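Q: build me a structure from this.
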Amino acid sequence: MTDVADGIRRLGWVFLVILGLQGARFLIRAAAWMRCMEGANRLTLGQVFQAMIAGDALGHLTPLSLLVSEPAKAMFLRHREPIRRTLPALAVENLFYALSAALMIAGGMVALFLILRTPDRLWLAATALFLTLVAIIAVAHWIIWRQTRVISSILAWLGRFGVAIDSLARAAERMRTLEDHVYMLYPRSWPRLFSLAALESAFHVFAILEIAVALSFITDRPITILDVFVFESTNRFIQVVFKFIPMRIGVDEAGTGMFADLLAFGTTTGVTLAIVRKARMLVWMAIGIAFLVRRGLSVEEVVSATTPSVKVALVVMARSPAGDRPPKTRLAAVIPTDADRRRLYAAFLGDTIQACRRVCGAMLRVACTPNERTDGFAHLGLADDELIPQRGIDLGARERSVFANLFASGVSSVIIIGSDLPTLPIRHITEAVAKLNPNTIVLGPSEDGGYYLMGLTSAGSGSRVPDVFNSIRWSTPSALEDTVEAARREGLKVALAPKWYDVDDEGGLMRLRADLKSREHVARAPATAKVIAEIFGMNRV
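A: Below you'll find the predicted structure:
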């Protein structure tokens, strides 16, 4: 213990440098998290930095680790952005971090064998392990890039054997939603992909630099980059395997001491290094707890957030692009051919569906008229249970039937949305979800006087759907006004989502083409941008 204390004393003021390097690592991962956010947001790097520290502190304190730390980070920012936006983005960032950490661990094993000059067989085994991990990482990225629903498909397949059918169906639904969110937020442009990879790499570089600084002061033995790399990969391995142990008490010291002895640094040097890193962790934990206290975030709130539940159904009211009647007839003057209008409507529908899939905690349904062909939906990747029928002689009756049927099935809140909103910001949907309650109707005003979104919450089992669908002047500039008046007659409060526009006439199409000159709008509506470019020519989009 005297040697350990002496090593710590030799560190002295350099401990502040180590604290700063750890803070830089938090800042890097905060920046990576922000890079995974969809579109514009109201967050600053400083706010996300505080959330990273606060969540990390909770993760170290409890055996639940990631099950608490990651929801805590999202909840810390809930006053600025809804958890439905921040948590899926954090899941994507964690995926990139996990893949980079796997490479770090595998590379450390190869470096260890290089230092120890192991026999050829062990060297070949280490190289094979490293290449295997690289292959696994490549396959994982390929699966995400192709948007293949692996886990939810496996769960659905298991449900066919008749064991725990209901539980597996619910699990498959939740996993399908999570997979969709991750796939939609995964960076699909090479600049974003490389910047995110660079940030995760920088995180590990700063970790290596931290160990190099500490070792240079607590030991007189010459150090090499391979030595430092092995120490950091060892630390990463310990963190991954023993993350469930609060603060990894005793584990860091024993593991780092063993590897230090293996590298001829001596057990004392390893234990000293582990204690220095543990002291650094305690300082940042104290800062994180202070942030949690100031935010007023309790552990109970975070734990409750880890229980997944689907309470909201997002329903896209649609018709089949391959139906008997060509869609978008009001666009015939500018898009004269039926085939082009069908392709454009299919693109509208696809982009609208993908926007709804990105809303965390909600399940997707597409309501189509039962007398139309359903093969027009096949290319959209919809599961069998995601397609539901519309019933009724007019729009009001069809909307009422959607609410009634989903409420009867146990869904507590339902939002219906139009199918011709390809560039609709996801934030408009999440704001509508946040306004839902049993005494309120949520409406998204469209710029033509109607509404593009309606949300209702059931007051309880067997409750009726409020009568907000009669005496409405449909397809006129008075549709929203009439619906608001009907809601007030029913005793409902009216909450409005941000205004947006439908693309159902030449004016809407002109605005859409103007919007698609922006990269942000193209990112929201890639399928629509592609079809518009094909119809009008790239230089005219």
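Q: which parts of the host helix or strand of Gly46 are buried?
A: For Gly46, the host element (DSSP states H and E) is helix 45-61. Neighbour counts over helix 45-61 (16 or more other Cβ atoms under 10 Å) mark 47-61 as buried. Every C-beta, even on glycine, is put in place using the N, C-alpha and C of the backbone.
Q: using PDB, list the CA coordinates for that helix.
A: Listed next in PDB are the C-alpha coordinates belonging to helix 45-61 (Å, rounded to 0.1, in the frame of the first residue of the first chain):
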ATOM      1  CA  LEU A  45     -23.600  20.600 -26.600                       C
ATOM      2  CA  GLY A  46     -23.400  21.800 -22.900                       C
ATOM      3  CA  GLN A  47     -26.800  20.400 -22.100                       C
ATOM      4  CA  VAL A  48     -26.100  17.000 -23.700                       C
ATOM      5  CA  PHE A  49     -22.700  17.000 -21.900                       C
ATOM      6  CA  GLN A  50     -24.500  17.400 -18.600                       C
ATOM      7  CA  ALA A  51     -26.900  14.600 -19.500                       C
ATOM      8  CA  MET A  52     -24.000  12.300 -20.400                       C
ATOM      9  CA  ILE A  53     -22.300  12.900 -17.000                       C
ATOM     10  CA  ALA A  54     -25.600  12.600 -15.000                       C
ATOM     11  CA  GLY A  55     -26.600   9.300 -16.700                       C
ATOM     12  CA  ASP A  56     -23.100   7.900 -16.300                       C
ATOM     13  CA  ALA A  57     -23.200   8.600 -12.600                       C
ATOM     14  CA  LEU A  58     -26.400   6.600 -12.200                       C
ATOM     15  CA  GLY A  59     -25.100   3.700 -14.300                       C
ATOM     16  CA  HIS A  60     -22.000   3.400 -12.000                       C
ATOM     17  CA  LEU A  61     -24.100   3.500  -8.800                       C
END
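Q: enumerate the positions of the helix or strand just after it that are buried.
A: The helix or strand immediately downstream of helix 45-61 is helix 66-76, counting by DSSP H and E. Counting neighbours by 16+ other Cβ under 10 Å, one finds that the buried residues in helix 66-76 are 67-76.
Q: and the closest residue to Ala57 other than its chain neighbours, how many residues sit next to it?
A: Nearest non-adjacent residue to Ala57, counting by Cβ to Cβ, 6 or more residues apart in numbering: Gly288, 3.0 Å away. Per other Cβ atoms under 10 Å, the neighbour tally for Gly288 reads 26.
Q: and the buried residues of helix 66-76, which is closest to Val312?
A: Relative to Val312, the closest of the buried residues of helix 66-76 is Ala74; by Cβ to Cβ it sits at 17.2 Å.
Q: that closest one: what's it in contact with?
A: By Cβ atoms under 8 Å, 6 or more residues apart in numbering, the residues touching Ala74 are 51, 83, 86-87, 90, 305.
Q: ok, now Ile287?
A: Contact analysis of Ile287 by Cβ under 8 Å, 6+ apart lists 53, 57.
Q: show me what counts as buried in the helix or strand harbouring it.
A: Taking DSSP H and E as the definition, one finds Ile287 inside helix 267-295. For helix 267-295, a neighbour-count test (16+ other Cβ under 10 Å) marks 267-277, 280-281, 284-285, 287-288, 291-292, 295 as buried.
Q: assumed Val366 was part of a strand.
A: Yes. Applying DSSP: H, G, I helix; E, B strand; the rest coil, one finds Val366 inside a strand.
Q: which residue sits closest to it in space, ignoring its chain neighbours?
A: Val316 (4.9 Å).
Q: quick one: the one you found and Phe377, what's the gap?
A: Remark: distance between Val316 and Phe377 (Cβ to Cβ, to the nearest Å) = 10 Å.
Q: what is in contact with these two at once?
A: Residues touching both Val316 and Phe377 (Cβ under 8 Å, 6+ apart): Val366.
Q: circling back: how about the contacts made by the residue nearest to Ala57?
A: Contact partners of Gly288, counting by Cβ under 8 Å, 6+ apart, are 53-58.
Q: from Arg80, how far off is it?
A: Distance of Gly288 to Arg80, given as Cβ to Cβ: 18 Å.
Q: Ile335 against Thr329, yeah?
A: No. With contact defined as Cβ atoms under 8 Å, Ile335 does not reach Thr329; the gap is 10.0 Å.
Q: what do those two both touch?
A: By Cβ under 8 Å, 6+ apart, the residues touching both Ile335 and Thr329 are Arg341.
Q: all helices for the stretch 1-150 of the chain, in order.
A: For the stretch 1-150 of the chain, the helices defined by DSSP state H, counting those that start in this stretch cover 2-11, 14-35, 45-61, 66-76, 83-116, 120-146, 150-159.
Q: wait, which of the ones you listed is closest to Cys356?
A: Comparison of these against Cys356 by Cβ to Cβ identifies helix 83-116 as nearest, at 11.6 Å.
Q: show me what that closest one is packed against.
A: The helices and strands touching helix 83-116, judged by 3 or more Cβ pairs under 8 Å, 6 or more residues apart in numbering; DSSP states H and E, are helix 14-35, helix 66-76, helix 120-146, helix 165-185, helix 190-218, helix 225-241, helix 251-262, helix 426-434.
Q: need the contact list for Met52.
A: By Cβ under 8 Å, 6+ apart, the contact set of Met52 is 26, 29-30, 33, 73.
Q: rerun that using 10 Å as the cut-off
A: Shown in contact with Met52 (Cβ atoms under 10 Å, 6 or more residues apart in numbering): 25-33, 69, 73, 76, 90, 93, 284, 288, 291.
Q: turn the buried residues of helix 66-76 into TSV, columns for pLDDT and distance to Gln390.
A: Formatted as TSV, the buried residues of helix 66-76 follow (pLDDT from 0 to 100; distance: Cβ to Cβ, whole Å):
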residue	pLDDT	distance to Gln390
Leu67	72	40
Val68	79	42
Ser69	84	43
Glu70	84	38
Pro71	83	37
Ala72	86	41
Lys73	90	40
Ala74	86	35
Met75	83	37
Phe76	88	41
